[in-house]
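A.B. asks: Could you look at this predicted model? Sequence included:
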Amino acid sequence: EQDLFEGTCDAAVKSCQNDPQNHDTKFLFYDVNPPEGFNLRRDVYMRFAVMMSETHKKGKKLDWRLVLPPWYRLYHWRSQRMIGQPLPWSTFFDVNSLKSFAPVVELNEILTNETSNTLEIDTVYVLQNYDDPFEGGIFADKWQVNKDNCRYDGDFWGHANVKAKEIVCVRFQGQISRLWELISLHPSDKNVMFAHGEIALHDSYGTKNYWDCRKSMKFNENLVKTAEYYIENNLNCTEKLCKSYMAVHWRRQDFTRSRHNDVPSLHGTIDQIDHAVRMHLRKIKKIFIASDAPTSELNLLIHELEYLKYEVFHFTPSKTELELFKDGGVAIIDQIICSHAAYFIGTHESTYSFRIQEEREILGFDSDTTFNRLCPDSGVCEKPSRWTVIH
Ligand SMILES: C[C@@H]1O[C@H](OP(=O)(O)OP(=O)(O)OC[C@H]2O[C@@H](n3cnc4c(=O)[nH]c(N)nc43)[C@H](O)[C@@H]2O)[C@@H](O)[C@H](O)[C@@H]1O
């Protein structure tokens with residue numbers, strides 16, 4: 001395998017060859033709180049990838065590789081949640097592009113190298129929140145081993161042949177690079193894992209390195225091609241920045257139940273889409289809707305918008321496309337289509353919308369066309385925070 005890390009490693013250091021078979025190589029695994037969705041998991045990946053890249057850049061810990069945790073039975077993947085197999089990252093991302101930023105490997109790259117096909121993790125650190133994050137009125141970075149009721153609540157990403165030798169629970173609060181302190185508790189460990197990786201915070205949120213990492217998260221080529229084909233043939237655009245359509249991410253399902261104060265009703269949504277077109281996009285008639293709404297609710301929205309003389313588009317995969325791309329890939333195709341639209345309106349505090357906003361920043365759209373949200377019918381509505389790209 002090509003060593004994409006040549007530039008940051010001392011060539012004399014043998015373990016820098018990014019070779020999973022090298023016996024000096026150590027592996028860092030992680031897992032995320034089981035109910036969390038795909039797009040929060042992407043953010044957790046970035047925390048670990050930035051941590052790895054920054055230590056590599058400093059010429060430290062060159063023998064460590066970050067193992068990409070397979071995607072398995074995500075809560076929101078309705079069509080194959082129960083029957084799903086663990087999926088490698090290459091299903092959704094361009095893994096070579098990820099490797100150009102940080103020393104990552106797929107789990108199956110390691111498993112195929114194990115003769116017994118069983119993998120033993122030396123220590124699984126189960127991260128836990130502190131009961132009171134603001135003890136004494138301040139939020140301080142800290143950690144502490146916790147021996148009470150310690151257990152791992154995950155399933156090793158659906159891989160029955162992965163086992164743990166030791167489980168250690170740790171109350172943890174603060175920046176992710178402090179996980180190296182935990183790793184140094186057992187210096188001879190070769191395979192170390194962090195469960196509940198989402199508890200550790202970004203080292204450098206919003207910095208250039210953060211954005212370099214974000215840019216390296218290119219999607220699988222087939223997903224990109226499918227989205228581009230759809231845009232060209234349905235939305236009449238072959239450019240990077242399309243002028244022909246507006247896109248809306250209409251997050252429903254659990255959001256209409258648990259966040260009903262932040263999201264609009266069906267009629268509130270229609271009014272806001274119509275208002276946005278009248279205000280900003282007078283010549284536009286095409287509207288693309290990305291949504292997790294049940295078909296009946298989505299059809300009502302489409303019907304009502306068509307009544308207002310809009311041409312409404314929604315990506316519906318064929319049976320073959322769904323089998324090939326899975327729910328996760330279809331959701332990415334929707335995101336790509338939203339990323340290229342002349343104007344985007346997202347759903348408040350949905351990480352799915354956040355990832356579209358980042359993509360649009362990377363593509364170079366004017367931020368005014370990106371940081372817009374659907375407001376609740378009450379009209380009480382702050383504009384989304386602007387996380388603008390740093391090149
Ligand atoms: C309240 C929280 O919300 C968080 O969701 P939120 O940030 O929107 O975003 P995600 O973490 O990605 O989870 C939502 C999932 O629902 C599907 N989904 C949502 N919108 C669309 C869409 O427009 N098109 C398609 N095809 N699929 C969509 C998709 O599988 C996506 O990963 C959850 O991660 C947490 O578990 C929790 O439920």
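C.D. replies: Perfect, I can see it now.
A.B. asks: Only C-alpha atoms from now on, for both contacts and neighbour counts.
C.D. replies: OK.
A.B. asks: wait, isn't E359 in contact with C338?
C.D. replies: No - counting by Cα atoms under 8 Å, E359 does not reach C338; the two are 9.3 Å apart.
A.B. asks: wouldn't P317 be in contact with I332 here?
C.D. replies: No - in this structure P317 lies outside contact range of I332 using Cα under 8 Å: 12.0 Å.
A.B. asks: what comes up buried for the one helix or strand R257 maps to?
C.D. replies: Element membership for R257, per DSSP states H and E: helix 254-258. By neighbour count with 16 or more other Cα atoms under 10 Å, helix 254-258 contains the buried residues F255.
A.B. asks: And the average pLDDT for that helix is what?
C.D. replies: The pLDDT scores in helix 254-258 average 94.
A.B. asks: Stretch 109-122 too?
C.D. replies: Rounded mean pLDDT across stretch 109-122 is 79.
A.B. asks: Give me the contact list for it.
C.D. replies: 20-21, 161-166, 189-193 (Cα atoms under 8 Å, 6 or more residues apart in numbering).
A.B. asks: Restricted to buried residues, select those in PyMOL.
C.D. replies: If you want just the buried ones from these in PyMOL, going by 16+ other Cα under 10 Å, the selection is:
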select buried, resi 20+163+164+190+191+192+193
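A.B. asks: Which of the contacts of stretch 109-122 fall in strands?
C.D. replies: Among those, the members falling in strands (DSSP state E) are V162, K163, A164, K165, E166, N191, V192, M193.
A.B. asks: Please render these as JSON lines that adds distance to H348 to the earlier fields.
C.D. replies: Below are the ones in strands among the contacts of stretch 109-122 laid out as JSON lines (distance: Cα to Cα, whole Å):
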{"residue": "V162", "distance to H348": "38"}
{"residue": "K163", "distance to H348": "39"}
{"residue": "A164", "distance to H348": "39"}
{"residue": "K165", "distance to H348": "42"}
{"residue": "E166", "distance to H348": "41"}
{"residue": "N191", "distance to H348": "39"}
{"residue": "V192", "distance to H348": "36"}
{"residue": "M193", "distance to H348": "33"}
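A.B. asks: hmm, back to that, E359 and C338 - which one has more neighbours?
C.D. replies: When E359 and C338 are compared for neighbours, C338 comes out ahead with 30 against 23, by other Cα atoms under 10 Å.
A.B. asks: Is that one in contact with F344, as I believe?
C.D. replies: Yes - between C338 and F344 a contact is recorded at 6.7 Å, counting by Cα under 8 Å.
A.B. asks: returning to what we had before: show me which of P317 and I332 is the more surrounded one.
C.D. replies: I332 (24 against 15).
A.B. asks: Who's the closest spatial neighbour of the more buried one, skipping the chain neighbours?
C.D. replies: Leaving out its chain neighbours, the residue that sits closest to I332 by Cα to Cα, 6 or more residues apart in numbering is L223, at 7.3 Å.
A.B. asks: now G329
C.D. replies: Leaving aside its sequence neighbours, G329 sits nearest to F92 (Cα to Cα, 6+ apart; 6.1 Å).
A.B. asks: mind pulling up the phi and psi values for the one you found?
C.D. replies: phi -120, psi -30 (degrees, to the nearest 10).
A.B. asks: who's in contact with it?
C.D. replies: F92 touches F219, N220, L223, G328, G329, I332, counting by Cα under 8 Å, 6+ apart.
A.B. asks: Next to the ligand, which bits of the chain? Give me the list.
C.D. replies: With the criterion set to Cα under 6 Å from any ligand atom, the chain comes near the ligand through 35-40, 76-77, 249, 251, 290-292, 328, 330-331, 334, 350-352.
A.B. asks: 8 Å instead, please
C.D. replies: 35-41, 74-77, 249-252, 254-255, 258-259, 289-293, 327-335, 347, 349-353 (Cα under 8 Å from any ligand atom).
A.B. asks: now those residues: which count as buried?
C.D. replies: For the residues of the chain next to the ligand, a burial check counting by 16+ other Cα under 10 Å picks out 37-41, 74, 76-77, 249-252, 255, 289-293, 327-335, 347, 351-353.
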